[in-house]
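A.B. asks: What follows is a protein structure lacking sequence information:
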């Protein structure tokens, strides 16, 4: 782990892995002005000297995945890219669905849009590139794959992920507390919804 | 009590000091780009610093009121009239019932701020009344016909001796190198800090894309997505710097090679296409 400078109001903890970054996030998030997870990093906001001394006295908290909250997401696997994903992975569409539902995912970090989470830890056979040309409009609830990640679009937006299905669950609602259905650490289980 | 928007030229939004601390939800702080200008306007009309006002890009704003209000206009200096009578920026002004305020196009600078005694009291979203133009959070951008509710006045206008106006000519901002300065060659880093950078037409509340010498990358792969802040300077894969504003994405995949010190990020608010900026080490 390295502590890297990040302007005059933050520092960045640079880790070897997402798991290590999550451990630091769990240890420090409630002791700083703001903590934001990246794929291998944790941004901590505050006075850099204070943050460095805080980090020096702390250690990453072991993450017990089994303790994390579990959200089940029912998905209708009717995405426009389902056949394409089957081609790219050498699986049948039935296998793609079985792979996507067969392994629990974990919300790793956010970005892109409020309530969006990059989900990791799924079946490694599902790694596919982003679409060469992003769609100008992807509907809210669309379930996609890109690289090692899966994700659910919280609201209509442009997007380059391979779409394999959709859910009716609301991922983001500012009138709900918390507004985001998923946040870093949440376990996610996709379930094939009845058609 | 309300203000009626009659005309908007480019973009006018409600802004306060934003919604910091929600990065874990995928929400950036947003808020006024030029915070000292909004603070000054609020102080002039006796508001708390956290009251919401209007941030207006390149003037062209026209408001009508059907109640008496105390207002102040700060930031980029523009011709200001109340019922066609010229009035001064940077001081408390009485906007009488039935009158019309016009904000002209600023000769220098980009963003003009208007505070009204009592503050603009649209419903807050996640603790702030700011419009986040990237996350699409908070009130809609102002359009003709928007009726902005105004709260009860809470204090007297204060006389301030804090002249603030965008500087003319080149703007310099201080940066802290890192976290990913190693992604640039030593030569490219020297250019980043030594050469003037021109703001391109791609500049908004999300970020300012700059043009200048091409910066050669020492490491050409991207970084696994990392958190960003207001003031992060990303280098895209073609060697172009983008410096982030208040509505920046929460995470990004281009390396951040330097970060503008927080107090200098407000200066970026007043830079438009063709303006130049220099980065210097803090």
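C.D. replies: Cool, got the structure. Computed from a predicted structure; not experimentally measured.
A.B. asks: Centroid-nearest residue for chain A?
C.D. replies: Centroid-nearest residue in chain A, with Cα atoms, centre = their mean: residue A:118, separated by 2.1 Å.
A.B. asks: mind listing what that residue touches?
C.D. replies: Shown in contact with residue A:118 (Cβ atoms under 8 Å, 6 or more residues apart in numbering or on different chains): A:39, A:107, A:108, A:109, A:110, A:111, A:149, A:151, B:225. Bear in mind the C-beta positions are built from the backbone N, C-alpha and C, glycine included.
A.B. asks: before we move on, what about residue A:17?
C.D. replies: By Cβ under 8 Å, 6+ apart, the neighbours of residue A:17 are residue A:40.
A.B. asks: if we can go back for a sec, who is the residue nearest to the centre of chain A paired with across the strands?
C.D. replies: Taking DSSP bridges as the rule, residue A:118 bridges to residue A:109.
A.B. asks: Look up how far residue B:253 lies from it.
C.D. replies: Here the criterion is Cβ to Cβ, to the nearest Å. By it, residue A:118 lies 11 Å from residue B:253.
A.B. asks: Please identify every residue contacting each of the two.
C.D. replies: Jointly contacting residue A:118 and residue B:253 under the rule Cβ under 8 Å, 6+ apart are residue B:225.
A.B. asks: strand partners of the worst-scoring helix or strand of chain A on mean pLDDT, parallel vs antiparallel please.
C.D. replies: Within chain A, no helix or strand scores below strand A:157-159, which has a mean of 88 by mean pLDDT, DSSP states H and E. Neighbouring strands of strand A:157-159 in its sheet, by DSSP bridges, are strand A:135-138 (antiparallel).
A.B. asks: what's the strand it pairs with in contact with?
C.D. replies: Contacts with strand A:135-138, where a contact means Cβ under 8 Å, 6+ apart, come from A:144, A:153, A:156, A:157, A:158, A:159, A:160, A:161, A:163.
A.B. asks: quick one: which two of the residues you listed are the most distant?
C.D. replies: A:156 and A:160 (14.6 Å; Cβ to Cβ).
A.B. asks: what about the spatially most distant residue from the centre of chain A, which helix or strand?
C.D. replies: The C-alpha centroid of chain A is most remote from residue A:49, which lies 30.2 Å away (Cα atoms, centre = their mean). Using DSSP states H and E, residue A:49 falls within helix A:48-56.
A.B. asks: Now do that helix, average pLDDT.
C.D. replies: Mean pLDDT, helix A:48-56: 97.
A.B. asks: Sheet-wise, list the partners of the very next helix or strand once past that helix with their directions.
C.D. replies: For helix A:48-56, the following helix or strand on the C-terminal side (DSSP H and E) is strand A:70-75. Strand A:70-75 sits in its sheet next to strand A:187-192 (parallel), going by DSSP bridges.
A.B. asks: ok, residues contacting the strand it pairs with?
C.D. replies: Residues outside strand A:187-192 that contact it (Cβ under 8 Å, 6+ apart) are A:65, A:68-77, A:97, A:100-101, A:104-107, A:119, A:143, A:150, A:182.
A.B. asks: and those residues, which are buried?
C.D. replies: Among these, those buried by neighbour count (16 or more other Cβ atoms under 10 Å in any protein chain shown) are A:68, A:71, A:73-75, A:77, A:97, A:100-101, A:104-107, A:119, A:143, A:150, A:182.
A.B. asks: got the residue ranges for the helices in chain A?
C.D. replies: Along chain A, counting by DSSP state H, helices occupy A:18-28, A:48-56, A:82-89, A:93-102.
A.B. asks: Hmm, I typed the wrong one, I wanted the stretch 51-200 of chain B.
C.D. replies: Secondary structure of the stretch 51-200 of chain B (DSSP state H, counting those that start in this stretch): helices located at B:186-194.
A.B. asks: near chain A, which residues of it show up?
C.D. replies: With Cβ under 8 Å from any Cβ of the partner chain as the criterion, the stretch 51-200 of chain B comes near chain A at residues B:125, B:126, B:135, B:136, B:137, B:175, B:176, B:177, B:178, B:179, B:180.
A.B. asks: So which of those residues wins on neighbours?
C.D. replies: Comparing those by number of neighbours (other Cβ atoms under 10 Å in any protein chain shown), residue B:179 comes first, having 29 neighbours.
A.B. asks: what's the nearest residue to it if we skip its chain neighbours?
C.D. replies: residue A:4 (3.5 Å; Cβ to Cβ, 6 or more residues apart in numbering or on different chains).
A.B. asks: so what's that neighbour up against?
C.D. replies: A:11, A:12, A:13, A:14, B:178, B:179, B:180.
A.B. asks: Now distance to residue B:85 too, for these, in CSV please.
C.D. replies: Below are the contacts of residue A:4 laid out as CSV (distance: Cβ to Cβ, whole Å):
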residue, distance to residue B:85
A:11, 52
A:12, 53
A:13, 57
A:14, 58
B:178, 52
B:179, 52
B:180, 53
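A.B. asks: would you list those residues in TSV and tack on distance to residue A:24 and pLDDT?
C.D. replies: Below are the contacts of residue A:4 laid out as TSV (distance: Cβ to Cβ, whole Å; pLDDT from 0 to 100):
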residue	distance to residue A:24	pLDDT
A:11	11	98
A:12	11	98
A:13	5	98
A:14	10	98
B:178	18	93
B:179	15	98
B:180	18	97
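A.B. asks: and which of those is nearest to residue B:214?
C.D. replies: Using Cβ to Cβ, the contacts of residue A:4 come closest to residue B:214 at residue B:180, 17.6 Å.
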